[in-house]
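S.K.: Pasting a predicted model and its sequence here:
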Amino acid sequence: MAGFAGRLARCWYSGFLRSPLQVPALGLHVGGPAMQTSQKDFNNAVSQLKLLKEDPGNEVKLKLYALYKQATEGPCNVPKPGMLDFINKTKWDAWNALGSLSKEAARQNYVDLVSKLSASSESPSPEAPAADKKQPESDSLVVTSGDGITTIRLNRPTKKNALTTQMYHDIIAALQAASKDESPITVLTGSGDYFCSGNDLTNFTSLPAGGPEEMARSSAVLLRDFVNCFIDFPKPLVAVVNGPAVGISVTILGLFDVVYATDRATFHTPFSHLGQSPEGCSSYTFPKIMGSSKAAEMLLFGKKLTAQEACAQGLVTEVFPDSTFQKEVWARLKAYSKLPPNAMRISKQIIRDREKEKLHAVNAEESNVLRERWLSDECMNAIASFLSRKSKL
Ligand SMILES: CCCCC/C=C/C(=O)SCCNC(=O)CCNC(=O)[C@H](O)C(C)(C)COP(=O)(O)OP(=O)(O)OC[C@H]1O[C@@H](n2cnc3c(N)ncnc32)[C@H](O)[C@@H]1OP(=O)(O)O
């Protein structure tokens, strides 16, 4: 795993797994023979955890961390980390939530959990779709070309195609390449049941050396560069919305030429819930597309639209039944890709050029406002809450 995604994974692993795996289980007060057995089981479980074939996910790792601390040190006895220290605060919350659970009970729970994980990693669930298992996390973006269409596919189905920092960079590179390639049409779509769940909220957990301010500054630059690519994209750009869309994956739709959606799709911009503010030029495009009060209901109050509602309000071009979505949409796009490419480009240019300057100004302003928002208590609390699994949209 490379780049930011790699750093992030290391950050979570070092946060949640280093203690249970690498710190020797010292300091346990071993009493009678029954407790010695428990101590031995616990040590075995600590070793067994290293052999797991699959990452158990952050929620489980957090549980393991808390139980390990409780089993080895007893009830949480360290000061609560500051609000900006997301990872340590989340870990502290998990440990503290165990209250006065005895060390023995914590050891037992830890052993039970590891043994459950070991059993399930040996016999994979027969219901799990084979395709999910084949998809390595590092292939988070897949770009293919054929039949006159370049397709940029978000490919993190297990995370609902949430956008990592690396993916923003990869999408920018893919759009730049697609703007110069042979295909007359470019498509953005997703793998699995979601189109995209928006910004990966764990992007905010790996603080750079410059602290939260540097994190906010660099994220604002990345956001501006990312959205600029959609503003400037010179060819027909089509979104094939294969499922629910959240956050930035909804706002950028206002910059696409055509948006096709399955009837399973929903469109959700929960910026206020997250202590954030609109991006992707949506503060300008949404009121223009759907009128100011419908836009306000989405952007201020986070109203989630069905595909039909989004179509009625002009954000979506056409909705298809999920059962025939892929077949109908790709057949139509293949036919469109045979139209004269220069005529399509020039028509797009006439439409877009009138707006370009305005869109760039809006993008710059939205990115600056978000830079401030990301440092606000409202935003920090919302992200910490999602990361500690206290809230979901
Ligand atoms: C630098 C540019 C910044 C641009 C600014 C952009 C802003 C935005 O995009 S704001 C929107 C941010 N997105 C969210 O707040 C969505 C958060 N996710 C959810 O609320 C839910 O996951 C869901 C409603 C999208 C799906 O719920 P459900 O069907 O119950 O599935 P799970 O929650 O179990 O999700 C499976 C798996 O995926 C992880 N995940 C999903 N979305 C995100 C995300 N946005 N960020 C990080 N991780 C996400 C989720 O945590 C689960 O992971 P595991 O627990 O490890 O299995």
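M.R.: Great, that's in hand. Keep in mind it's a predicted model, so treat the numbers as computed, not measured.

S.K.: my guess is P270 meets G247, correct?
M.R.: Yes - because the distance of 7.2 Å satisfies CB atoms under 8 Å, P270 is recorded as touching G247. From N, CA and C alone the C-beta is placed, and that goes for glycine too.

S.K.: The two: which is more packed in?
M.R.: Legend: neighbour count by other CB atoms under 10 Å for P270 and G247, higher for G247 (24 against 19).

S.K.: Tell me how far that one lies from A66.
M.R.: To A66, G247 is 29 Å away according to CB to CB, to the nearest Å.

S.K.: And S283, by the same measure?
M.R.: 41 Å.

S.K.: Give me the more crowded residue out of those two.
M.R.: A66 (24 against 19).

S.K.: In contact with the more buried one, which residues?
M.R.: A66 is in contact with 91, 94-95, 97-98, counting by CB atoms under 8 Å, 6 or more residues apart in numbering.

S.K.: In terms of pLDDT, where does it sit?
M.R.: Per-residue pLDDT puts A66 at 90.

S.K.: same deal with K304?
M.R.: So, for K304, pLDDT stands at 98.

S.K.: partners of the residue nearest to it when sequence neighbours are not counted in the sheet?
M.R.: Excluding the flanking residues, the one nearest K304 by CB to CB, 6 or more residues apart in numbering is H268, at 4.2 Å. Note on H268: beta-bridge partners V246, judged by DSSP bridges.

S.K.: Return the residues in contact with H268.
M.R.: Neighbouring residues of H268 by CB under 8 Å, 6+ apart: 244-247, 250, 302, 304-305, 393.

S.K.: at 7 Å instead, please
M.R.: By CB atoms under 7 Å, 6 or more residues apart in numbering, the contact list for H268 reads 246, 250, 302, 304, 393.

S.K.: ok, now K303?
M.R.: Applying CB under 7 Å, 6+ apart, the residues contacting K303 are E297.

S.K.: Over to S38?
M.R.: 104, 107-108.

S.K.: buried residues in the strand or helix carrying S283?
M.R.: Per DSSP states H and E: S283 is located in helix 282-290. Of all the residues in helix 282-290, those buried under the rule 16 or more other CB atoms under 10 Å are 282-287, 289-290.

S.K.: again, but for stretch 345-356
M.R.: 348, 352, 355.

S.K.: any chance of those residues in JSON lines, plus pLDDT, secondary structure and distance to the ligand?
M.R.: Formatted as JSON lines, the buried residues of stretch 345-356 follow (pLDDT from 0 to 100; DSSP: H, G, I helix; E, B strand; the rest coil; distance: CB to the nearest ligand atom, whole Å):
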{"residue": "K348", "pLDDT": "98", "secondary structure": "helix", "distance to the ligand": "25"}
{"residue": "R352", "pLDDT": "97", "secondary structure": "helix", "distance to the ligand": "22"}
{"residue": "E355", "pLDDT": "97", "secondary structure": "helix", "distance to the ligand": "21"}
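
S.K.: Okay, and which of the contacts of S38 map to helices?
M.R.: Counting by DSSP state H, the part of those found in helices is 104, 107-108.

S.K.: quick one: contacts for the residue of the stretch 101-250 of the chain found nearest the ligand?
M.R.: In the stretch 101-250 of the chain, the residue that lies nearest the ligand is G247 (2.2 Å; CB to the nearest ligand atom). Applying CB under 7 Å, 6+ apart, we find G247 in contact with 198-199, 269.
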